[in-house]
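**Student:** requesting a structural model of the entry that follows:
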Amino acid sequence: MPTGRRRPLPILLLESSHPGPTVTVTVLAAVLSAAVGHPAWLVVLVALTVVAGQLSIGLANDWIDADRDRAVGRSDKPVAQGLVAVGTVRAAAFGTAGAAVVLSLFLGPVAAVAHLVLVAAGWAYDAGLKRTVWSVVPFVVAFGLLPVVAVSAGPDAPWPTWWAIATGAVFGVAIHCTNVLPDLVDDEATGVRGFPHRLGLRGAGVTAFGSLVVAALLVLGGQLVGDDPVRGAGVVLAVVGTVVVVVLAAVGIRLVVAGRASRTLFRLVIVSSLVLVVELGLAGARLVA
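**Tutor:** Alright, predicted model coming up:
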């Protein structure tokens, strides 16, 4: 049994919710929402709705995988360490899912449906798709819909540009592949054979960072030749952001080729997503179709 001072239950639940990805996805949604000119109250509502959904997905993952995480000795999972009961995490997962459903209803019909499908995709991954060749599908669906949630919120419900949706979907591939790379051995030992596992370390890594480059080029193309292309300093920002992401992707591919499957790969993708979304916000590209 673990020893030492016990952390408060809210902290343990937060640690069980995959806080890094949860915060990142919430920031992406909030920045996109602000970039299209939504009022502050709506940006806050989008952020609260998305964070509730992401918390539910992360908590469900740790609840459903509790036995598997214990079997492989995951020291980063409070449930696996016996610090919090499985039932408590399960209750928190359903509670935050309920909050996500209620909050979604205030976003307007388009964004509400998009967010509910997004959350359902995350739960479907947790519940079993992660063990199949189709494990990448929930990520493509969820990240492809994230711009719809952020942009289409509100009474007017404008649609995001096609390239914003495509960028999110491609990013989903990169995020999924790099997130599981450090756990390939543990996953194989517990019967998880998802899309990245079948590609192997190098195959999944190259696919991930290749997808990252494609996402960066989609954003660049959308900004430079879209319906309302950026001008002046916006062009510089667009090019610089793309170059930064391509460099990060090159670093990631080099690490993968060298056989280094660490959390650094996932962090490179997360940083790249933040670079691109900040770039979009600052350059002033039109994100509404």
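
**Student:** can you name the next helix or strand after the biggest helix by length in the chain?
**Tutor:** Among the segments of the chain that qualify as a helix by DSSP state H, the longest is helix 195-225. Scanning forward in sequence from helix 195-225 by DSSP states H and E, the next helix or strand is helix 233-257.

**Student:** tell me the angle of the longest helix of the chain relative to helix 233-257?
**Tutor:** Orientation check (axes from the mean of the first three to the mean of the last three CA atoms, to 10 degrees): helix 195-225 against helix 233-257 gives 160 degrees.

**Student:** can you give me how far helix 195-225 is from the chain middle?
**Tutor:** Distance, stretch centre to chain centre, for helix 195-225: 14 Å (CA atoms, centre = their mean, to the nearest Å).

**Student:** kindly report the same for stretch 239-254.
**Tutor:** 19 Å.

**Student:** tell me the mean pLDDT for that stretch?
**Tutor:** Per-residue pLDDT over stretch 239-254 has a mean of 92.

**Student:** could you export it as CSV, CA atoms only?
**Tutor:** Only the C-alpha atoms of stretch 239-254 are listed here, as CSV (Å, rounded to 0.1, in the frame of the first residue of the first chain):
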residue,chain,number,x,y,z
VAL,A,239,4.8,31.2,-42.2
VAL,A,240,6.7,31.4,-38.9
GLY,A,241,4.1,29.2,-37.2
THR,A,242,4.3,26.6,-39.9
VAL,A,243,8.1,26.6,-39.9
VAL,A,244,8.1,26.1,-36.1
VAL,A,245,5.7,23.1,-36.4
VAL,A,246,7.7,21.5,-39.2
VAL,A,247,10.9,21.8,-37.1
LEU,A,248,9.1,20.2,-34.1
ALA,A,249,7.9,17.4,-36.4
ALA,A,250,11.4,16.9,-37.6
VAL,A,251,12.6,16.6,-34.1
GLY,A,252,9.9,14.1,-33.3
ILE,A,253,10.7,11.9,-36.4
ARG,A,254,14.4,11.9,-35.4
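
**Student:** and the longest helix of the chain, what does it pack onto?
**Tutor:** helix 162-180, helix 184-189, helix 233-257, helix 263-283 (3 or more CB pairs under 8 Å, 6 or more residues apart in numbering; DSSP states H and E). In short, each C-beta sits where N, CA and C put it, glycine included.

**Student:** of the ones you listed, which is nearest residue 87?
**Tutor:** Closest of these to residue 87 is helix 184-189, at 24.1 Å (criterion: CB to CB).

**Student:** not counting its neighbours along the chain, what's nearest residue 119?
**Tutor:** Distance criterion CB to CB, 6 or more residues apart in numbering; nearest residue to residue 119, sequence neighbours excluded, is residue 53 at 4.2 Å.

**Student:** thanks a lot, see you next time.
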